[in-house]
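# Whatever this is, show me its structure:
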Amino acid sequence: MPLEGLHHITAITADAPGNVDFHVRVLGLRLVKKTVNFDEPSVYHLYYGDEVGAPGSILTFFEFPGAAPGRPGAGMVHAIRWRVGSPEALAFWEARLAAHEVPAARDGDVLLFRDPEGLAHELLVSRGADAPLVAHAPDIPAEHALQGFHGVRAYAGNPERSEPLLRALGFAREGDEAHWTLAGAERHAQLLYDPAPPEHGIQGAGTIHHVAWSAADDAELETFAAHAAAAGARATPVIDRQYFHSVYFREPSGVLFELASRDIGFAVDEPVATLGGALKLPPQHERLRPVLEQRLTPLPDPRAVA
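Model (predicted):
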């Protein structure tokens, strides 16, 4: 079975309350999980997505309060591409972003904007058959809502070096070495390489940490990890991330890839109806709950800011 496009994208924020406000109130996404960084439990790991937290819609953020702004460079994803349903939806978003004082610009059939910390987003009309992955927001008509990921753009100095690994993972090249598509049975996603800027990248607020591609289960994770290793990648063992299992490695252009399973999901520890409402901790950190609830940044009620 092929990988099913993107599973999630993970970025960095220095401002968790502002992050919730922008992604829920402005973009209309649902906060589907409020938990902590597994490796640094004193800070949040926030997950946004469609109404049920479906793979292919999940944008996550590690919160590091006070983190300096980052700068994307070679080996980093620098833009997230979202699908919308029609040209009318693009016009809706152009007007909505202006009403929220978010600068946006058209580049042909693509609408470009940045979040408050500088992370780049692109909206484009979906031309494929992938099912829309939509969250319910009271002031965003369902036909205009974001419909999940179309793909990502990354900076690379020598993108042709990535070809053997991408082909091992099931990507197909479209046109030239800079444009790749991962087509599963139900979902598709694009990976586009852009020429790298001269400045070195700096990981920080407003930058993307890694991208995760969607695998069915542990068996598929192990199969594709073996494919990646045969193509020269140094893959981790399968790691339990509570809501999915994961394997990590860098592709030759430097982008950190994750393969994440879709057989567990965000409803494993709370009902779909109340996703994102309560702080959820991995079992190894549950003993820290009293301390963490005092230490973590207070967040607005996500349904109240919608």
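
# State the helix or strand in which the residue positioned nearest the centre of the chain lies.
Nearest residue to the geometric centre of the chain (C-alpha atoms, centre = their mean): Ile9, 1.9 Å. Following DSSP states H and E, one finds Ile9 within strand 6-13.

# Partner strands of that strand, with direction?
strand 58-63 (parallel), strand 208-215 (antiparallel) (DSSP bridges).

# what pLDDT, on average, does it get?
Averaged across strand 6-13, pLDDT comes to 98.

# what's the next secondary structure element after that strand?
helix 16-20.

# Just the residues contacting that next one, thanks.
13, 31, 44, 46, 61, 63, 65, 116-117, 297-300, 302, 305 (C-beta atoms under 8 Å, 6 or more residues apart in numbering). Backbone N, C-alpha and C define where each C-beta goes, glycine included.

# ditto for stretch 263-271
32-33, 47, 52-53, 216-217, 242-245, 275, 277-278, 280.

# filter the residues you listed to the buried ones?
32-33, 47, 52-53, 216, 242-245, 275, 280 (16 or more other C-beta atoms under 10 Å).

# From the residues you listed, which land in strands?
Among those, the residues falling in strands (DSSP state E) are 32-33, 47, 245.

# re earlier: out of the contacts of helix 16-20, which comes closest to Trp82?
Phe61 (15.9 Å; C-beta to C-beta).

# Spatially nearest residue to the closest one (excluding sequence neighbours)?
Thr13 (4.5 Å; C-beta to C-beta, 6 or more residues apart in numbering).

# Check His209 too.
His209 sits nearest to Thr10 (C-beta to C-beta, 6+ apart), 4.8 Å away.

# Is that neighbour in contact with Phe62, as I believe?
Yes - counting by C-beta atoms under 8 Å, Thr10 touches Phe62, with 6.7 Å between them.

# Next, show the common contact partners of the two.
Going by C-beta under 8 Å, 6+ apart, residues that sit against Thr10 and also against Phe62 are His209.

# what sits against the residue nearest to Phe61?
Per C-beta under 8 Å, 6+ apart, neighbours of Thr13: 19, 46, 61-64, 67, 117, 205-206.

# where's Leu31 relative to Leu182, distance?
Using C-beta to C-beta, to the nearest Å, Leu31 is found at 27 Å from Leu182.

# what about the two, which has more around it?
Leu31 (25 against 22; other C-beta atoms under 10 Å).

# Can you show me the strands along the stretch 201-306 of the chain?
208-215, 239-240, 245-250, 256-261 (DSSP state E, counting those that start in this stretch).

# With mean pLDDT added, can I get these in CSV?
Formatted as CSV, the strands of the stretch 201-306 of the chain follow (pLDDT from 0 to 100):
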stretch, mean pLDDT
strand 208-215, 98
strand 239-240, 96
strand 245-250, 98
strand 256-261, 98
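
# Run through the residues that contact Arg127.
Arg127 touches nothing, counting by C-beta under 8 Å, 6+ apart.

# Just to be sure, it is in a strand?
No - under DSSP: H, G, I helix; E, B strand; the rest coil, Arg127 falls outside any strand and is assigned coil.

# mind checking how far it is from Asp109?
Arg127 is 10 Å from Asp109, by C-beta to C-beta.

# Lys33 now?
Here the criterion is C-beta to C-beta. By it, Lys33 lies 33 Å from Asp109.

# Check Asp139 too.
Taken as C-beta to C-beta, the span from Asp139 to Asp109 is 25 Å.

# Relative to Arg71, how far out is Leu119?
Separation of Leu119 from Arg71 (C-beta to C-beta) stands at 12 Å.

# hey, what's in contact with both of the two?
Shared contacts of Leu119 and Arg71, defined by C-beta under 8 Å, 6+ apart, comprise Thr207.

# Of the two, which one has the most company?
Leu119 (26 against 17).

# dump the residue contacts of the closest residue to that one other than its chain neighbours.
Take Leu119 and drop its neighbours on the chain: the residue closest to it by C-beta to C-beta, 6+ apart is Gly206, 4.7 Å away. The contact partners of Gly206, by C-beta under 8 Å, 6+ apart, come to 11-13, 69-70, 114-115, 117-119.

# Which member of the residues you listed is positioned nearest Val238?
Ala11 (23.6 Å).

# you'd agree the closest one is up against Gly204?
No - applying C-beta under 8 Å as the test, Ala11 and Gly204 come out as separate, 10.4 Å apart.

# what about stretch 202-219, distance to the chain center?
Put simply, stretch 202-219 sits 7 Å off its chain's centre (C-alpha atoms, centre = their mean, to the nearest Å).

# and it, which residues are buried?
Neighbour counts using 16+ other C-beta under 10 Å place 203-216 of stretch 202-219 among the buried residues.
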